[in-house]
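Visitor: Sequence isn't available, so here's the structure alone:
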């Protein structure tokens, strides 16, 4: 597994019960295509539709979407990419973008 394969162990559509299907995901696909994931956002979010939401995918990747467009395009990052980003954010490397 990996390399962009999502594996669902639940039946989907006309598939037989218990049949495993592979879903290939890519950047820009609708966030609604990521079934059975839990989207989370910062506790600093004020609920006015201005939030960045993240979801961990079955293969360990992280999907990112805009809360104003929950069915809009999602970006998918590897775990390593997210670790690098979060480390930089903790070191305030991106603060100049929102000052």
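Guide: Yep, that arrived. Keep in mind the model is a prediction, meaning the values are calculated, not measured.

Visitor: Figure out the helix or strand that the residue nearest the centre of the chain lives in.
Guide: Nearest to the geometric centre of the chain sits residue 63, at 1.5 Å (C-alpha atoms, centre = their mean). Assigned by DSSP states H and E, residue 63 belongs to strand 62-66.

Visitor: Please name the strands paired to that strand in the sheet, noting orientation.
Guide: Next to strand 62-66 in the sheet, as set by DSSP bridges, lie strand 52-56 (antiparallel), strand 75-77 (antiparallel).

Visitor: average model confidence for the longest one?
Guide: Think strand 52-56. Strand 52-56 shows a mean pLDDT of 94.

Visitor: if we look at it, which residues are touching it?
Guide: Strand 52-56 is contacted from outside by 34, 37-42, 62-67, 70, using C-beta atoms under 8 Å, 6 or more residues apart in numbering. C-beta coordinates here come from the backbone N, C-alpha and C atoms, glycine included.

Visitor: For the buried ones among those, write the corresponding ChimeraX selection.
Guide: Selecting only the buried entries of the contacts of strand 52-56 in ChimeraX, with 16 or more other C-beta atoms under 10 Å as the criterion:
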select :34,37,39,62,63,64,65,66,67
